[in-house]
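> My questions concern the predicted model and sequence given below.
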Amino acid sequence: QLQLVESGGGLVQPGGSLRLSCAASGFTLNSNEIAWFRQAPGKAREGVSCISSSGSTNYADSVKGRFTISRDSAGNTVYLQMSSLKPEDTAVYYCARLVQQCITNRISGLIYGKWGRGTQVTISS
């Protein structure tokens with residue numbers, strides 16, 4: 001069964017850091033286009049960052065310079081390192097396999113499979 005599971009969320013003060021993990025089962029991530037999305041209360045889900053099968057990356061303007069997407073060499077986990085966190089980063093974060101290539105920072109929400117449960121990130125003092 002192909003599955004992605006998000007973890008690593010939590011409560012952090014503004015200016016802090018978190019690292020989210022996206023673990024795959026049933027396939028290897030490094031042959032896929034993988035993205036992180038987030039959805040804040042009352043808002044639409046938005047693409048945050050993506051990494052292509054070749055390793056190129058893209059970031060939404062709102063997180064550029066603060067977030068870094070990467071994957072481990074085994075191709076089993078994709079990470080989202082988040083720094084200089086702001087209250088507006090508060091959201092449920094999801095990872096997913098993209099149908100389209102990760103070639104721009106306008107990340108389409110067209111994904112393979114279903115959305116997972118996500119991991120809650122709360123930025124608050």
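Received, thanks.
> residue ranges with poor pLDDT in the protein?
1 (pLDDT under 70).
> so who does the residue nearest the centre of it touch?
By C-alpha atoms, centre = their mean, the chain has its centre lying nearest to Trp36, at 2.1 Å. For Trp36, the contact set (C-beta atoms under 8 Å, 6 or more residues apart in numbering) comprises Leu20, Cys22, Gly47, Val48, Ser49, Cys50, Ile69, Val78, Leu80, Tyr93, Tyr94, Cys95. C-beta coordinates here come from the backbone N, C-alpha and C atoms, glycine included.
> now that we have those residues, which one has the most neighbours?
Neighbours here mean other C-beta atoms under 10 Å. Within those, the largest count is held by Cys95, at 31 neighbours.
> wait, isn't that residue in contact with Ala35?
Yes. Contact status for Cys95 versus Ala35: in contact at 6.9 Å, counting by C-beta atoms under 8 Å.
> any chance you could map the strands in this protein?
3-7, 10-12, 18-25, 34-39, 46-51, 57-59, 67-71, 77-82, 91-97, 119-123 (DSSP state E).
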